[in-house]
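>>> With the input below, show me the fold.
(one chain, ligands or ions: 2)
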Amino acid sequence: MAEAAVKEKTATTAEPERELTDGFHLVIDALKLNGLTTIYGVPGIPITDFGRMAQAAGIRVISFRHEQNAGNAAAIAGFLTKKPGVCLTVSAPGFLNGLTALAHAQTNCFPMILISGSSEREIVDLQQGDYEEMDQLAIAKPLCKAAFRVLHAADIGIGLARAIRAAVSGRPGGVYLDLPAKLFGQVIDAEAGRKSLVKVIDPAPAQIPAPAAVKRALDVLKNAKRPLIILGKGAAYAQADDAIRGFVEKSGVPFLPMSMGKGLLPDTHPQCAGAARSTVLKDADVVVLVGARLNWLLSHGKGKTWGEPHSKKFIQIDIEPKEMDSNVEIVAPVVGDIGSCVSALLEGMGGNWPAPPADWIKTVTSKREENVAKMAPRLMNNNSPMDYHGALGVLRTIVKERPDAILVNEGANTLDLARGIIDMYQPRKRLDVGTWGVMGIGMGYAIAAAIETGKPVLAVEGDSAFGFSGMEVETICRYKLPVCVVIFNNDGIYRGTDVNAAGSDPATTVFVKGSRYDKMMDAFGGTGVNATTPDELKRAVNEAMDSGKPTLINAVIDPAAGSESGRIGNLNPQSVLRKK
Ligand SMILES: Cc1ncc(C[n+]2csc(CCOP(=O)(O)OP(=O)(O)O)c2C)c(N)n1
Ligand SMILES: [Mg+2]
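Ligands and ions are numbered 1, 2, ... in the order given. A predicted model of the protein is given here:
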């Protein structure tokens with residue numbers, strides 16, 4: 001903490017000089033002590049100097065163009081590292097911009113801490129109109145896992161410790177930490193400050209499942225005729241890759257990866273049922289959920305998708321006890337952290353675990369082969385303008401050749417089709433819109449993925465999706481990050497063909513035709529490419545991935561190629577009234 005200390009000039013020469021510290025330095029020291037060495041944020045009052053000092057003290061401070069993107073970066077940094085990603089914002093408007101990302105982190109169970117500067121409590125609470133006045137703590141509370149405010153410099157250490165523990169222990173989530181402007185300047189004795197800091201020991205303690213729960217689960221699984229394992233993003237987060245792979249392979253059970261669970265085992269693994277999704281969901285009799293929730297993404301575990309009226313038995317592995325029975329009955333709840341649970345199951349299986357019935361495996365395998373064969377010729381077309389399949393066929397090969405690259409993906413058709421077509425080979429390499437299907441994660445995720453892992457990033461973006469965070473291409477260029485953005489430019493949301501029959505304004509889902517997003521990248525010194533055929537696209541992406549230079553490729557897609565809402569058009573409410 002040597003750099004954090006300042007000397008107080010004492011009035012009388014008789015008194016010895018007292019070493020002092022202040023709020024600025026204590027926050028920095030507390031972050032560093034806990035290994036939180038990257039901050040994603042946007043500067044301004046009251047945290048501008050804090051950002052400068054943090055940078056000077058060796059913390060990496062990545063400065064964004066909008067707090068939502070910084071927040072999304074922090075959220076995905078949390079997912080990738082199992083440490084809370086830190087986002088730093090100014091008060092009221094900056095805080096609110098970051099709050100969307102905090103709520104997103106909470107919904108997706110990513111550990112993140114949103115630190116916001118705030119205005120003076122005395123003025124805010126009397127509503128006397130302070131600069132950027134807002135009761136931020138009250139607003140953040142219902143949207144995150146925990147929210148804290150620190151009023152005294154001596155409490156900074158404890159405040160950050162509480163935030164870290166809340167973010168990563170149990171089911172991870174979003175935490176808000178409110179730091180009023182006055183706190184930064186508060187001066188205290190340096191030795192007292194040092195003592196007030198807390199290094200959080202074992203922030204996410206293992207949660208061991210009960211042996212009886214493990215045995216119950218194995219008994220159900222052993223008697224299954226048509227078992228299925230579903231791997232969610234919780235399984236990816238756990239970083240228990242070997243245990244998960246061991247469990248899946250020893251069981252011989254077909255597995256279905258959720259979007260961000262892809263790559264835990266390669267999508268090309270013989271047990272992967274990704275290409276036979278509807279068959280396995282409909283026909284399985286026992287389903288093991290590993291870090292996957294029965295939310296809308298799995299049709300709540302019931303209905304036509306699940307082959308009702310036939311009933312299923314669910315085994316669920318999750319760290320959150322309240323997750324059990326949230327949508328349907330769970331016959332074998334296994335509560336604990338994924339690594340401990342899966343290891344316990346693996347151990348309980350012993351040396352001669354029976355393979356699942358051969359006819360089930362054959363059914364799944366042949367459905368999968370049939371679907372893969374059906375898709376193959378579509379992926380090889382060289383149409384211009386491109387359709388989704390032609391363009392994604394190229395990207396699929398590139399990811400196969402570069403399995404350690406990180407794929408960021410958002411859009412509607414661009415998302416749903418890329419998820420199905422691009423095989424993943426390693427865990428935590430596919431980052432996407434998550435539980436909310438939110439647009440706007442793209443550039444924040446891409447930036448944090450590059451910063452946290454040092455690996456090349458390929459961001460595959462719908463033209464609408466990209467627009468939500470597009471200004472951050474400047475950030476990508478500024479930090480010289482190895483990010484290649486491919487924009488699937490079909491002139492609009494879902495399709496570029498809608499017309500407004502009732503007036504001269506454009507239809508609500510269409511954008512300027514023939515836009516050249518690649519020129520945005522040129523503006524900031526990156527490489528911009530306009531690609532009109534799969535061959536051009538392939539060449540440009542490979543060049544970008546080889547060079548590691550910030551690149552944006554405008555991939556021209558047939559405006560008529562997509563469908564409404566991609567694969568989830570069924571969720572649109574329908575009017576019963578006849579159109580006039
Ligand atoms: C924050 C947010 N706002 C709006 C939406 C609604 N929405 C879903 S997909 C989408 C854009 C789809 O268009 P595009 O990204 O161009 O993908 P395409 O289907 O055209 O390939 C929008 C606006 C959303 N999911 N999230
Ligand atoms: Mg589009």
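>>> the longest helix in this structure is where?
helix 358-379 (DSSP state H).
>>> just checking, what packs against that helix?
Secondary-structure packing of helix 358-379 (3 or more C-beta pairs under 8 Å, 6 or more residues apart in numbering; DSSP states H and E): helix 277-283, helix 388-401. Every residue, glycine included, has its C-beta placed from N, CA and C.
>>> Could you figure out how far that helix is turned away from helix 388-401?
Angle between the axes of helix 358-379 and helix 388-401 is 110 degrees (criterion: axes from the mean of the first three to the mean of the last three C-alpha atoms, to 10 degrees).
>>> List the buried residues in helix 358-379.
Neighbour counts using 16 or more other C-beta atoms under 10 Å place W360, I361, T363, V364, K367, R368, N371, L379 of helix 358-379 among the buried residues.
>>> cool, and stretch 382-391?
Neighbour count says stretch 382-391 has P385, M386, D387, Y388, H389, G390, A391 buried, by 16+ other C-beta under 10 Å.
>>> Just give me the closest of those to ligand 1.
Distance to ligand 1 across these (C-beta to the nearest ligand atom) is lowest for Y388, with 7.2 Å.
>>> ok, the residue nearest to the spatial centre of the chain - contacts?
The chain has I76 as the residue nearest its centroid, 4.3 Å off, counting by C-alpha atoms, centre = their mean. By C-beta atoms under 8 Å, 6 or more residues apart in numbering, the residues touching I76 are G85, F110, L431, I441, G444, Y445, A448, A449.
>>> pLDDT for the buried residues of stretch 382-391 - can I get that in CSV?
Below are the buried residues of stretch 382-391 laid out as CSV (pLDDT from 0 to 100):
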residue, pLDDT
P385, 93
M386, 97
D387, 97
Y388, 98
H389, 97
G390, 97
A391, 98
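>>> out of those residues, what pair is the most spread apart?
Within the buried residues of stretch 382-391, P385 and H389 form the most distant pair, 12.7 Å apart (C-beta to C-beta).
>>> The residue in the stretch 151-300 of the chain that ligand 1 sits nearest to: neighbour count?
Relative to ligand 1, the nearest point of the stretch 151-300 of the chain is W296 (13.0 Å; C-beta to the nearest ligand atom). Applying other C-beta atoms under 10 Å, we find 13 residues neighbouring W296.
>>> which stretches of the stretch 301-450 of the chain form helices?
Per DSSP state H, counting those that start in this stretch, the stretch 301-450 of the chain carries helices over the ranges 338-349, 358-379, 388-401, 413-421, 442-453.
>>> Need those helices in CSV (columns: distance to ligand 2).
Shown next, in CSV, are the helices of the stretch 301-450 of the chain (distance: least, C-beta to the ion, whole Å):
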stretch, distance to ligand 2
helix 338-349, 35
helix 358-379, 19
helix 388-401, 10
helix 413-421, 7
helix 442-453, 13
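>>> Nearest to ligand 1, out of these?
Closest of the helices of the stretch 301-450 of the chain to ligand 1 is helix 413-421, at 3.5 Å (criterion: C-beta to the nearest ligand atom).
>>> Identify each buried residue in the helix or strand L31 falls within, please.
Here L31, judged by DSSP states H and E, is contained in helix 23-33. By neighbour count with 16+ other C-beta under 10 Å, helix 23-33 contains the buried residues G23, F24, H25, L26, V27, I28, D29, A30, L31, K32, L33.
>>> Could you export the buried residues of helix 358-379 as TSV, including distance to Q127 and pLDDT?
Output for the buried residues of helix 358-379, formatted as TSV (distance: C-beta to C-beta, whole Å; pLDDT from 0 to 100):
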residue	distance to Q127	pLDDT
W360	65	98
I361	66	98
T363	66	98
V364	62	98
K367	63	97
R368	62	97
N371	60	96
L379	60	96
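>>> now, the most widely separated pair of those?
Across the buried residues of helix 358-379, the longest distance by C-beta to C-beta is 28.4 Å; it joins W360 and L379.
>>> In TSV: the buried residues of stretch 382-391, plus distance to L151.
TSV is the format used below for these (distance: C-beta to C-beta, whole Å):
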residue	distance to L151
P385	59
M386	57
D387	58
Y388	53
H389	58
G390	59
A391	54
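>>> Show me the shaky parts of the protein.
The model of the chain has pLDDT under 70 over residues 1-15, 578-580.
>>> Quick one: name the residues of it near ligand 2.
Contacts of the chain with ligand 2, taken as C-beta under 5 Å from the ion, map to G462, D463, N490.
>>> now, which of those lie within strands?
Judged by DSSP state E, the residues of the chain next to ligand 2 include G462 as members of strands.
>>> Keep only the residues of the chain next to ligand 2 that also lie close to ligand 1.
Of the residues in the residues of the chain next to ligand 2, proximity to ligand 1 by C-beta under 6 Å from any ligand atom holds for G462, D463, N490.
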